[in-house]
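Asker: Show me the folded form of this:
(one chain, ligands or ions: 2)
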Amino acid sequence: MKTQVAIIGGGPSGLLLSQLLHKRGIESVILERKTKDYVLGRIRAGVLEQGLVKLLEEAGCADRLHAEGIVHDGTLVSSGDTLFRIDFTEHTGTPVIVYGQTEVTRDLYAAREAMGGKIEFNVENVEIHDANSDAPAVTYTVGDQQHRLECDFIAGCDGFHGVSRQAIPLDVRKEYEKVYPFGWLGILSETPPVNHELIYANSDRGFALCSMRNENLSRYYIQCSLSDKPEDWTDEAFWQELKRRIPSEQAEKLVTGPSIEKSIAPLRSFVTEPMRWGRLFLCGDAAHIVPPTGAKGLNTAASDVHYLYNGLRDYYENNSRAGIDSYSQKALARVWKAERFSWWFSSLMHRYPDQSEFDLKMQVAEIEFLRTNEAAQKSMAENYVGLPY
Ligand code: APR
Ligand code: PHB
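Answerer: Ligands and ions are numbered 1, 2, ... in the order given. Okay, the predicted model is just below:
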């Protein structure tokens, strides 16, 4: 089989790239290890930057997002009982949209299927061949059938645990990593959100986040120990702990209910450089991971897709290699800014086991500076709504 762009991974990065390429008549085949239902079952965050919204509009996949998404002009930040608001629209003129990233993935699958997009599910033994040549290929099996996909380019959209990153030789690839000493215990409940905007809460018992999916579906998180398991936490224990971490006025109006999903996610910052090797291009979680404080995961994958899509368009439409040759440098410039913001916001809002008294004083002072300084709030707003592509 032959195609123009072989895309490894049928998560949001791979799907969005495939859909954008298709709109320009550029052929691709997506190779996905799991089933569609499995991919749609992955728990994902719920905040979209305008850059991602615009890409989804360009891909023709934004109708439901605009019909069901919730426009947020700001977010609340609390420290103990002190609560203040960061006004995105006042500082940047741009809101964010709250819409489950799982729904983004669902919309992308629907668009791919409507356009007859080629997606192979349950692929195994994916191997990348001759990426650093003008004739790359991907081999894989489905069941007991061996397949070989000849292509012009390979997009490694196969996430943190994929094979694409490993295809870049160790003497070419450099990896940067920070593992955080805590996780996020998250629940989904069919209850009205405690507040119409998100609340990022710092407390002496640790971080908490109040988010939502719609007016009757709430998403809450509390910082937890890495040794915790979801089954260690009853719903009641979760609600009691959440109430102790958010301002008392919010805790009093919190509507609790049974969890319909409960899971723990570890937190990590990770970047691999370069994001290109020959005709292999890494996109999204295959190249970088952020802690979810600020919801930069998919929103940073989106700018990778934007750069790669335009680079490939330039190649096929204008016979220019400029876009693909500058892809890694352009993508990494924005990746590192998202890494910095996610690390900064995580450092600001969480309790770290090794924090000294002085460290705690610095954290309190940093939050107080954010609460009282316009430039600090503008900086946070600009990063939160998404820096330019
Ligand atoms: N072969 C084929 N497919 C693979 C392989 C492989 N060897 N390894 C992984 N995959 C598939 C996974 O099954 C998954 O569906 O690649 C896909 C990668 O998808 P994600 O992990 O969701 O990564 P990405 O598409 O980059 O999405 C990034 O979305 O919701 C956010 O926070 C989330 O940051 C994440 C972002
Ligand atoms: C979510 O709604 O799941 C969410 C929102 C904001 C974050 C992380 C997760 O920073």
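Asker: Look at the residue nearest to Ser225 when sequence neighbours are not counted and give its secondary structure.
Answerer: Once flanking residues are discounted, Ser225 sits nearest to Phe182: 6.5 Å by Cβ to Cβ, 6 or more residues apart in numbering. (Each C-beta comes from the backbone N, C-alpha and C, glycine too.) Under DSSP: H, G, I helix; E, B strand; the rest coil, Phe182 falls in the strand class.
Asker: check contacts around the residue positioned nearest the centre of the chain.
Answerer: What sits nearest the mean C-alpha location of the chain, by Cα atoms, centre = their mean, is Gly297, with 2.0 Å. If you count contacts by Cβ atoms under 8 Å, 6 or more residues apart in numbering, Gly297 has them with 44-45, 101, 285, 289-290.
Asker: make it 6 Å
Answerer: Listed by Cβ atoms under 6 Å, 6 or more residues apart in numbering, the contact set of Gly297 reads Val290.
Asker: Buried ones in stretch 173-190, by neighbour count?
Answerer: Under the neighbour-count criterion of 16 or more other Cβ atoms under 10 Å, stretch 173-190 has 173, 180, 182-189 buried.
Asker: Please apply the same query to stretch 230-238.
Answerer: Neighbour counts over stretch 230-238 (16+ other Cβ under 10 Å) mark 233, 238 as buried.
Asker: Then stretch 108-125?
Answerer: Within stretch 108-125, the residues that count as buried by 16+ other Cβ under 10 Å are 108-109, 111-112, 117-121, 123.
Asker: mean confidence score for it?
Answerer: Averaging pLDDT along stretch 108-125 yields 97.
Asker: Next: stretch 314-326.
Answerer: 98.
Asker: Could you work out the end-to-end span of it for me?
Answerer: Its start and end residues considered, stretch 314-326 measures 12 Å (Cα to Cα, to the nearest Å).
Asker: how distant is it from the center of its chain?
Answerer: How far stretch 314-326 lies from its chain's middle: 27 Å, per Cα atoms, centre = their mean, to the nearest Å.
Asker: Same check on stretch 370-377?
Answerer: That offset, for stretch 370-377, works out to 26 Å (Cα atoms, centre = their mean).
Asker: Restricting the selection to alpha carbons, write it to CSV.
Answerer: C-alpha atoms of stretch 370-377 as CSV (Å, rounded to 0.1, in the frame of the first residue of the first chain):
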residue,chain,number,x,y,z
LEU,A,370,-0.6,37.3,41.0
ARG,A,371,-3.7,38.4,42.9
THR,A,372,-2.6,42.1,43.2
ASN,A,373,-0.5,42.8,40.1
GLU,A,374,-2.0,43.5,36.7
ALA,A,375,1.1,42.6,34.7
ALA,A,376,1.2,39.2,36.5
GLN,A,377,-2.4,38.6,35.7
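Asker: picking that back up, would a markdown table of the buried residues of stretch 173-190 with pLDDT and distance to Gly156 be doable?
Answerer: Formatted as a markdown table, these follow (pLDDT from 0 to 100; distance: Cβ to Cβ, whole Å):
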| residue | pLDDT | distance to Gly156 |
| --- | --- | --- |
| Arg173 | 98 | 12 |
| Tyr180 | 98 | 25 |
| Phe182 | 98 | 30 |
| Gly183 | 98 | 27 |
| Trp184 | 98 | 26 |
| Leu185 | 98 | 31 |
| Gly186 | 97 | 28 |
| Ile187 | 97 | 33 |
| Leu188 | 97 | 30 |
| Ser189 | 98 | 36 |
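Asker: So which of those is the closest to ligand 2?
Answerer: Gly186 (6.9 Å; Cβ to the nearest ligand atom).
Asker: Doesn't that closest one belong to a strand?
Answerer: Yes: applying three-state DSSP, one finds Gly186 inside a strand.
Asker: ranges for the helices of the stretch 1-150 of the chain?
Answerer: 12-23, 36-40, 50-58, 63-68, 88-92, 101-114 (DSSP state H, counting those that start in this stretch).
Asker: Using JSON lines, lay out the ones you listed together with distance to ligand 2.
Answerer: Formatted as JSON lines, the helices of the stretch 1-150 of the chain follow (distance: least, Cβ to the nearest ligand atom, whole Å):
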{"stretch": "helix 12-23", "distance to ligand 2": "14"}
{"stretch": "helix 36-40", "distance to ligand 2": "16"}
{"stretch": "helix 50-58", "distance to ligand 2": "14"}
{"stretch": "helix 63-68", "distance to ligand 2": "14"}
{"stretch": "helix 88-92", "distance to ligand 2": "13"}
{"stretch": "helix 101-114", "distance to ligand 2": "8"}
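Asker: tell me the most buried of those helices?
Answerer: Most buried of the helices of the stretch 1-150 of the chain by mean neighbour count (mean count of other Cβ atoms under 10 Å) is helix 12-23; its value is a mean of 27.
Asker: Specify the beta-bridge partners of the nearest residue to Asn125 once chain neighbours are set aside.
Answerer: Spatially, and ignoring its direct neighbours in sequence, Asn125 is nearest to Thr141 (4.7 Å; Cβ to Cβ, 6+ apart). Beta-bridge partners for Thr141, by DSSP bridges, are Glu124, Gln146.
Asker: Contact partners for the closest residue to Thr89 other than its chain neighbours?
Answerer: Excluding its sequence neighbours, the residue lying closest to Thr89 (Cβ to Cβ, 6+ apart) is Asp73, at 4.2 Å. Under the criterion of Cβ under 6 Å, 6+ apart, the contact list for Asp73 reads 88-89, 95.
Asker: Among those residues, which one lies nearest to Lys229?
Answerer: Phe88 (35.9 Å; Cβ to Cβ).
Asker: so the closest one touches Val385, yeah?
Answerer: Yes: counting by Cβ atoms under 6 Å, Phe88 touches Val385, with 5.0 Å between them.
Asker: Surely Ala167 touches Glu127?
Answerer: No: applying Cβ under 6 Å as the test, Ala167 and Glu127 come out as separate, 8.5 Å apart.
Asker: The two: which is more packed in?
Answerer: Legend: neighbour count by other Cβ atoms under 10 Å for Ala167 and Glu127, higher for Ala167 (23 against 12).
Asker: Now do the contacts for that one.
Answerer: Applying Cβ under 6 Å, 6+ apart to Ala167 gives the contacts 128, 131, 280.
Asker: Perfect, that will be all.
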